[in-house]
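Asks: sequence and predicted structure below; questions after.
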Amino acid sequence: MTKRSLAAIIAIIIIILIGAWLYMRPSSQAATAPTGTSTRSLITAVTYACDAGKTITAAYYDGPAAAQPAPGQPPVPTGSADVSIGGAPTTTLAQTISADGIRYANADESLVFWSKGNTALVMRNNSMDLSYTNCTDTSSPAAPSDASTTATTTAGVMLPPAGPITVSGTMVCLPHADTTGAQTAECAIGIKSDSGRYFALSSSDPMTVGSIASGTHVTVTGTLTLRTDSQYQDVGVIAVSKISK
């Protein structure tokens, strides 16, 4: 065998070994975290005490920064919640658009978890789960049973009376009441009145207000309920009966 033939054989062996090593080495993708987990950031974990001694636990997470919505479209939430109902295995639910409170649902919306202030409720297949009623955050004081028409803010500014109300203003994501800590990424849809007050909005059909883009000037007619326990800078919630641009 000539030296040239021997060198050729050695070169072929080296090429085969390199190819085998490249084929057998672990893929770099195997170390990549599953989409949606590495971008989540824990906000808080809450235990809700319900009637009949039942409980719900929920861990709330921020998601990645949301893309700018298309003109005329509401903001798309990116948060999520890990929810355990009555000690059942934890289910991760994605945050969805909500006109009132913060809403989380699974892919087919057969399970919906809705938190509002210090309370929460569960819906299954579009009906409220009556096994879990009056669920309240165990770390929060109970909300007042009603609101006085003569209530004032801490700054001494008179609030509008509870009851029928018509407000003109701009659709906004309500700002948080506490701006000192970590801020959640949800968009609680409300209205900033032309006089500068914030009102939360609720409707039996969430899309009544949820389909109106932030920044749109509207006139809202409905019934106002004052509240002092909101996590946002609103003076109360308007149950919307009519909204017009």
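Replies: Yes, it's here. These numbers were taken from a predicted model, which means no experiment stands behind them.

Asks: so what's the residue count around D51?
Replies: When counting by other Cβ atoms under 10 Å, one arrives at 12 neighbours for D51. All C-beta atoms are positioned from the backbone trio N, CA, C, and that covers glycine.

Asks: same check, this time on G169
Replies: Neighbours of G169 (other Cβ under 10 Å): 19.

Asks: without its sequence neighbours, what residue ends up closest to it?
Replies: Closest residue in space to G169, ignoring its immediate chain neighbours: S193 at 3.9 Å, by Cβ to Cβ, 6 or more residues apart in numbering.

Asks: wait, what's in contact with the one you found?
Replies: V167, S168, G169, F199 (Cβ atoms under 8 Å, 6 or more residues apart in numbering).

Asks: want to throw the residues you listed into JSON lines with pLDDT, distance to I16 and secondary structure?
Replies: As requested, these are arranged in JSON lines below (pLDDT from 0 to 100; distance: Cβ to Cβ, whole Å; DSSP: H, G, I helix; E, B strand; the rest coil):
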{"residue": "V167", "pLDDT": "86", "distance to I16": "77", "secondary structure": "strand"}
{"residue": "S168", "pLDDT": "88", "distance to I16": "78", "secondary structure": "strand"}
{"residue": "G169", "pLDDT": "88", "distance to I16": "74", "secondary structure": "strand"}
{"residue": "F199", "pLDDT": "89", "distance to I16": "74", "secondary structure": "strand"}
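
Asks: ChimeraX command for the buried members of those residues?
Replies: In ChimeraX syntax, the buried subset of the contacts of S193 is picked out as below (16 or more other Cβ atoms under 10 Å):
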select :167,169,199
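
Asks: nearest to D108, of the contacts of S193?
Replies: F199 (32.8 Å; Cβ to Cβ).

Asks: farthest-separated two in the contacts of S193?
Replies: S168 and F199 (11.2 Å).

Asks: pLDDT below threshold where in this structure?
Replies: Across the chain, the ranges flagged by pLDDT under 70 are 1-8, 11, 19-38, 66, 69, 72-74, 99-100, 140-160, 179-186, 206.

Asks: which parts of it are strands?
Replies: 41-49, 55-62, 80-85, 91-96, 102-105, 111-116, 119-124, 127-128, 135-137, 163-173, 189-193, 198-202, 217-226, 234-244 (DSSP state E).

Asks: extract the C-alpha trace of the first one and format it as CSV.
Replies: In this case it means strand 41-49. Once non-C-alpha atoms are left out, strand 41-49 reads as follows in CSV (Å, rounded to 0.1, in the frame of the first residue of the first chain):
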residue,chain,number,x,y,z
SER,A,41,-42.7,36.5,36.0
LEU,A,42,-44.6,35.8,39.3
ILE,A,43,-46.6,38.7,40.5
THR,A,44,-48.3,37.2,43.6
ALA,A,45,-50.0,34.0,44.9
VAL,A,46,-53.4,34.2,46.5
THR,A,47,-55.6,31.8,48.4
TYR,A,48,-59.4,32.4,48.2
ALA,A,49,-61.7,31.1,50.9
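
Asks: that concludes my questions; thank you for your assistance.
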